[in-house]
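# whatever this is, show me its structure:
(chains A and B)
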Amino acid sequence: NAGVTQTPKFRILKIGQSMTLQCTQDMNHNYMYWYRQDPGMGLKLIYYSVGAGITDKGEVPNGYNVSRSTTEDFPLRLELAAPSQTSVYFCASSWGNEKLFFGSGTQLSVL
Amino acid sequence: GQQVMQIPQYQHVQEGEDFTTYCNSSTTLSNIQWYKQRPGGHPVFLIQLVKSGEVKKQKRLTFQFGEAKKNSSLHITATQTTDVGTYFCAEGGSNYKLTFGKGTLLTVNP
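Here you go, the predicted structure:
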């Protein structure tokens, strides 16, 4: 099992560009999450999904969009990138109210 | 989600010293999870506590959940350089969203 796979690992964007962060898991987890991590600030939930076709906002959803067309995939879309979106992004999955399995992260810089 | 406050924010110890990080909430927590993140890495699950007053041990790590389920602690006995990293507590709500504390960064001087 590969677990949770995120791509790309690093990306530099110019202000106003858009991109999609990919996340896939092979553990058949229903629950998937996107977090962002800023230095000294812990992890903040952007969006989450409790199953294919169902998504909901987390604590900091503005500037992002998600979709969940399959159980395995949960891409995060950034439209009109802004410097405030410079961060490390982690995708995670779980069975529910149990432990989260995290991907290795995407380091994004918006310049 | 509920807010969990974690202290201290930073802790530097000499190898062999003990270390404790605390997680506090103003409201009752349904459960608490602990994660460790090595520098440059991703968070890795350590343990979940569910019951009031629960104590769990993993080798040199001891995890406690308060009697009122409003606080939790992680204690490391005789730290080693491999313990370096950021330790996060996370509150698991009924809607399957985890709310993370800001973490405690532990550095260990060999």
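
# okay, CA-based contacts and neighbour counts for the rest of this
Fine.

# the nearest residue to residue B:42 once chain neighbours are set aside in helix, strand or coil?
Nearest non-adjacent residue to residue B:42, counting by Cα to Cα, 6 or more residues apart in numbering or on different chains: residue A:104, 5.5 Å away. The assignment at residue A:104 comes out as coil when based on DSSP: H, G, I helix; E, B strand; the rest coil.

# contacts only, for residue 57.
In the absence of a named chain, this looks at chain A. Applying Cα atoms under 8 Å, 6 or more residues apart in numbering or on different chains, we find residue A:57 in contact with A:46, A:47, A:48.

# was after chain B, sorry
Residue B:57 is in contact with residue B:63, counting by Cα under 8 Å, 6+ apart.

# and it, how far from residue B:49?
11 Å (Cα to Cα, to the nearest Å).

# tell me if residue B:47 really is in a strand.
Yes - per three-state DSSP, residue B:47 lies within a strand segment.

# against chain A, how distant is it?
Using Cα to the nearest Cα, to the nearest Å, residue B:47 is found at 8 Å from chain A.

# wait, that residue sits on residue B:54?
No - assessed by Cα atoms under 8 Å, residue B:47 is found out of contact with residue B:54, at 11.6 Å.

# same for chain B: which of the contacts of residue A:57 are within range?
Filtering these for proximity to chain B by Cα under 8 Å from any Cα of the partner chain leaves residue A:48.

# of the contacts of residue A:57, which belong to helices?
Among the contacts of residue A:57, DSSP state H puts none in helices.

# spit out the contact partners of residue 9.
Unless you meant another one, I'm taking chain A. A:104, A:105, A:106, A:107.

# please go with chain B instead
So residue B:9 contacts B:102, B:103, B:104, B:105 (Cα under 8 Å, 6+ apart).

# got the contact list for the helix or strand of chain B with the lowest mean pLDDT?
Counting by mean pLDDT, DSSP states H and E, the weakest-scoring helix or strand in chain B turns out to be strand B:98-100, with a mean of 90. Here strand B:98-100 makes contact (Cα under 8 Å, 6+ apart) with A:42-45, B:1-4, B:88-93.

# can you do 6 Å?
A:43, B:89, B:90, B:91, B:92 (Cα atoms under 6 Å, 6 or more residues apart in numbering or on different chains).

# sheet-wise, list the partners of the helix or strand following that strand with their directions.
Sequence order places strand B:104-109 as the next helix or strand after strand B:98-100, per DSSP states H and E. Applying DSSP bridges, strand B:104-109 is found paired with strand B:10-14 (parallel), strand B:85-92 (antiparallel).
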